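Trainee: Show me the folded form of this:
(chains A and B)
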2 protein chains.
Amino acid sequence: MKKGITKRSEDFSRWYTDVIIGARLADYSPVKGCMVIRPNGYSLWEKMQSYLDKMFKETGHENAYFPLLIPESFLEKEAEHVEGFAPECAVVTHGGGKKLEEPLVIRPTSETIIWAMFKKWIMSYRDLPLLINQWCNVLRWEMRTRLFLRTTEFLWQEGHTAHATAEEAEEETLRMLNVYQTFAQDYAAIPVLSGRKSDREKFAGALHTYTIEALMQDGKALQAGTSHNLGQNFAKAFDVTFQDQHGKQQLVYATSWGMSTRMIGALIMTHGDDQGLVLPPRLAPLQVVFIPIFKGKEGHGEILSYIEKIAASLDGEISYRVDAREEYTPGWKFNEWEQAGVPIRIEAGPRDLQRGQVVAVRRDTGEKINLPEDSVKDKVREVLDEIQTLLYRRALGFREENTTKVNDYGTFQEVVSGQGGFIYAHWCGDPECEDQIKQETMATIRCIPLESEVDRGVCVRCGNQSDERVYFAKAY
Amino acid sequence: MKKGITKRSEDFSRWYTDVIIGARLADYSPVKGCMVIRPNGYSLWEKMQSYLDKMFKETGHENAYFPLLIPESFLEKEAEHVEGFAPECAVVTHGGGKKLEEPLVIRPTSETIIWAMFKKWIMSYRDLPLLINQWCNVLRWEMRTRLFLRTTEFLWQEGHTAHATAEEAEEETLRMLNVYQTFAQDYAAIPVLSGRKSDREKFAGALHTYTIEALMQDGKALQAGTSHNLGQNFAKAFDVTFQDQHGKQQLVYATSWGMSTRMIGALIMTHGDDQGLVLPPRLAPLQVVFIPIFKGKEGHGEILSYIEKIAASLDGEISYRVDAREEYTPGWKFNEWEQAGVPIRIEAGPRDLQRGQVVAVRRDTGEKINLPEDSVKDKVREVLDEIQTLLYRRALGFREENTTKVNDYGTFQEVVSGQGGFIYAHWCGDPECEDQIKQETMATIRCIPLESEVDRGVCVRCGNQSDERVYFAKAY
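Mentor: Got it, this is the predicted structure:
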C-alpha cells in the first residue's frame, strides 16, 4: 500500500505535495527549483492547452515561436520591464566553448524579443491587428519554489498583440481576460474574481494589468491568469510605428496575456480532498476507470469481457481505461485511481454480471450508483456533468463563505490572521496604504473589481475617503 | 508585388531561403543562429506534431516534461555523450544575480536528465517498459546556421524508453524508426531510405543509430529522423537497475529517438518549385483557398456569397479560407497563395456564377479544372488525394533517377561532384576508408540498409572484400 496523504487540516502545504506525488503529477528534479512534469500531470496540461488553444484561435490568434535566448540589452530597452525581470534572469555567458560578446538571458517572458520582430513585420495599418500566441517554457530564478505554483522553469502560453488604437488594445486585453475567466469557470470549475491590479502589483512595463483570482481551500488567493494592456511602452522601446490610413506614422499599441502550469496547482488546491486529487470531468485526461472485481481464481475472463464490452460502448466521447492488472488488488487500485482524481470509478464483479449491472462510484461525493448495463453511457455522461457542476458550486460556496466585507482595520487584521479568504474593504488608492497593509498583515490587493457599486466609505488603513472597495487576501 | 523567388537552377540555397521568407514560414531573429517560426511555419509544425503524437500514443508512449537546464556534471557521466555534445552547449553561469556553484547547460538532448529521473522511477520489472516522449526546444551552438535545417535552437520531440531486455530495446528502436518512415512517406510525401548509421555517424552514447534519409532536389541527402538503441550505456552512467522476476538486480536497456522542425526544411526542398512552397495536402494547414474574381465595381457581394456557400460545403473535413480582401488584386493573391504552397486554389467570377461552376487550380501541376458547384466537395477531396500521391511519386522518381550504383572510385568521385544523389557502393566496413572518402569527396555514409541483398564486391576506396553496399551522399 502506498504511503497515505497528509490531512488538509493537519498541514495544508504537505497535503498539497502529497497529492502531487501520490497522483504522479510531478516530481522534484535534481536541478534546483525545476520540476519534472510526469505523464499524469502533462496530460492534464495537454487538456488545458487544447481548450485554451481553441479559444485563442476562435478569437483570431495564431501560434508562432520566438527564440528562447534574449540579448541582455533588449531587456534594458523598457525601464520598468528590466527592473522587474532582470533580477530573476538566468544568464548564458558561454556558447560553443567561447565566452559570448553579449550575455543572453533565458526568456522570463517574451515582450522584448517579440517586439523586436514586430518592428520588422509592422509597416502599415494593413498589418494590424497582429494577434500572436506562443506556447513555451520560461525561466524566472526563484529562491523558494513549490511544485507547479512557483518553479524556476515553467510552461505557459503568452499572447502578444499589436493594435492601431488604444481602444482596440483595451478591448483585446479584456477579451482575453474573459477567455481566461471562461476557461477557469467552465472547464476547471474554479470560480474567479476578475479585476484590475493596483499599480504596485501590475506587470513590469504595463499600463495596467487585469487578473483572475481564485481562492484556495486554505484561504489564500491564487492569481490564475493575467492580461496586460501595455499601451505604447514597448512600441516606444522598440520604435514600432505604422503608417495609418492617412499616411501618418503612428506608434503601435500592445497587449500581452498569459496562463501557465500554475493552473494545475489551482486545480489541486480548489478541488482536492484528503484522499487526493479530484479532477473536473472536462479536464480529466481519464474520465472513467473500470475495475473488475475478481472473486477466487475462476471466471476472470468472463468478468473482464463483460466490462470491456460495456467500456467499449463509451468510446469516442468519454475517455476510459480498464484496469485489468492481476498483480494488484481492487483495494489497491481504488486507492490509486482515487489519488489520481479520476471522476468516476466503475466496478463489476460476478454478482453484477449476473444482475446485468455495474456499480459507479463518484470521486467527488463517494456516492455509489447501480447502473443497468444498457444505460451506462447515458448515465455516465449525466454523472460527469453533475460532477462538473457540483465541483464549481462547492468551490463557489467556499469562496462566498470565505469572503468578508470589512470596515475597520482591527477586523481586517483579525480576518487575515484567522479565517483568511478574500476581504472586501475600502482603500483610498494610495500605494503607501497598500504597502503598510502588506507589511502589517501580509495581505495584498488581489484586484479592483471592474464594475463595483458606488459605495462611499473610508480607507480601512488611513481613514481617508474612498469610493470603492477592493479585494485583499494573502496570496500564493 | 512581392520580390520574386530565385530559380532553383540559379542558386538552390538562395531559392530555399526565398521560399521560406516568401511563404512567411520563418524569419531571422536578432539572436545569432536563432530563428523565429512565423504562424505559417508553426501551423505546419502543429500539423506534423498532431500526426506524430497520435502515432506515439498509439504505440504506448506518454508525454512528459523535463527541465531545460542540466548540471554540467550529468553530461560528463557518459563519456561518448559528453564528448559529442559538450562543445555545442550553451552554458548558464549566473542565475538570480549570482554566480552558480555549478554551471548548467541548456539541454542539447535530454538523455542525462531523463535517466537521472528514471533512476527514481524504476525499481522493479513492473515499472518496465517505461515509454516517455517529450516535445520541447533544444539548443546546440552552431557556427553556420540555415533556417530550419541547422539553427542553434530548434523544436523537436525526443522519445526516451527503458526496457528489461536487449531484444525489447532493439524492437522499440526499430518500431520508432518505422513510425518515422511512415510519417515521412504517408504524410510528408517524402520517400526515405532507412538503415543503420556507421559507427562514425551514430549518436554520441548509442550502441547504434538508425536513420531515415531523404534526397533533396539539389542532390544532397538530409537525415530526417533518427532512432537510437542506447544499450545499457545510460543505465550504467546513472546506475539504473531493476529487480527482475527472479529477484535479481539487472541493468536497464534504453532507446531514444527524435524528429525536429528540420522536417519542414525537408518538405520545402523535396516538393518546392520556382513559384515557392508546395505542400502535401495531409500536412497543409490550409488545403484550399477561395479567391473571388471581381469584375468592375458591381456584384462583389453576389460572387462572395456564391463562393462562401460553396466553401461552407467543405467544412469539417477540408480546411479552407475565403480570401475576400478588397485591397489586393486576384493576381497578387494568386502569387501569395502559390508561394505559401496551398494545394488547391479555387476561383470564381461572374461567368462562373452564371454557369454554376468554379475553377480549381492545382498547386502541384498548375492544371485548371472546372467544377460544377454541387460536386465541389467530392472533387476537391479526390484532387487532394491525387496531389498527395503525385508528390510522393514525383519525389520517388527523382530519387530513383539520382541513385547510382557505383563500383569504382573514379566514377564515385565523378558522381559526387557532378549529379550528386545517393551512391550505392561497396564499403569494407573500415572507419579509415569512410574518413578518407569523406575528406576526398565530402560524401558520407548515409545509411547501411537493414536488409541488403548479399552482393559480394570490393570496397570502393581500398579494394578490400565487402559483402554489402551502403548509401553514400553529400548531406545537409
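
Trainee: Could you check how far the nearest residue to A:Val361 once chain neighbours are set aside is from B:Gly420?
Mentor: Leaving aside its chain neighbours, A:Val361 sits nearest to A:Arg345 (4.6 Å; criterion: CB to CB, 6 or more residues apart in numbering or on different chains). Just so you know, the C-beta spots here come from the backbone N, C-alpha and C atoms, and that holds for glycine as well. A:Arg345 is 61 Å from B:Gly420, where distance means CB to CB, to the nearest Å.

Trainee: From what I see, the residue nearest to A:Val361 and A:Arg363 are in contact.
Mentor: Yes - between A:Arg345 and A:Arg363 a contact is recorded at 7.1 Å, counting by CB atoms under 8 Å.

Trainee: Between those two, point out the one with more neighbours.
Mentor: A:Arg363 (26 against 20; other CB atoms under 10 Å in any protein chain shown).

Trainee: which residues touch that one?
Mentor: Counting by CB atoms under 8 Å, 6 or more residues apart in numbering or on different chains, A:Arg363 touches A:Val278, A:Leu279, A:Glu338, A:Gly341, A:Val342, A:Pro343, A:Ile344, A:Arg345, A:Ile387.

Trainee: Can you pick out the most distant pair from the residues you listed?
Mentor: Spatially, the most separated pair among these is A:Glu338 and A:Ile387, at 13.9 Å (CB to CB).

Trainee: Give me the more crowded residue out of the two.
Mentor: Per other CB under 10 Å, whichever of A:Glu338 and A:Ile387 has more neighbours is A:Ile387, with 25 against 22.

Trainee: Domain-wise, how is chain A divided?
Mentor: A:12-271, A:288-390, A:403-473 (automatic domain parsing).

Trainee: Tell me the spacing between the residue of the stretch 351-476 of chain A found nearest chain B and A:Val406.
Mentor: Chain B sits closest to A:Tyr476 of the stretch 351-476 of chain A, with a gap of 19.6 Å, by CB to the nearest CB. Remark: distance between A:Tyr476 and A:Val406 (CB to CB) = 21 Å.

Trainee: do the same with A:Val359
Mentor: Counting by CB to CB, the gap from A:Val359 to A:Val406 is 48 Å.

Trainee: ok, which stretches of the stretch 251-400 of chain A are helices?
Mentor: A:262-271, A:300-312, A:330-339, A:350-355, A:376-401 (DSSP state H, counting those that start in this stretch).

Trainee: ranking those helices by burial, who's on top?
Mentor: helix A:262-271 (a mean of 25; mean count of other CB atoms under 10 Å in any protein chain shown).

Trainee: Which residue of chain A lies farthest from its centroid?
Mentor: For chain A, the largest distance from the centre (CA atoms, centre = their mean) belongs to A:Glu298, which lies 47.3 Å off.

Trainee: Phi, psi for that one please.
Mentor: Reported as degrees, to the nearest 10, the phi and psi values for A:Glu298 are phi -100, psi 160.

Trainee: May I have stretch A:296-308 exported as CSV, CA atoms only?
Mentor: C-alpha atoms of stretch A:296-308 as CSV (Å, rounded to 0.1, in the frame of the first residue of the first chain):
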residue,chain,number,x,y,z
GLY,A,296,-11.3,-16.5,-6.4
LYS,A,297,-9.3,-17.8,-9.3
GLU,A,298,-12.2,-18.6,-11.7
GLY,A,299,-14.2,-16.6,-14.1
HIS,A,300,-11.7,-13.7,-14.6
GLY,A,301,-12.1,-13.8,-18.3
GLU,A,302,-15.9,-13.7,-18.2
ILE,A,303,-16.0,-10.6,-16.0
LEU,A,304,-13.3,-8.9,-18.0
SER,A,305,-15.1,-9.3,-21.3
TYR,A,306,-18.3,-8.1,-19.6
ILE,A,307,-16.5,-5.0,-18.6
GLU,A,308,-14.8,-4.5,-21.8
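
Trainee: Good, wrapping up.
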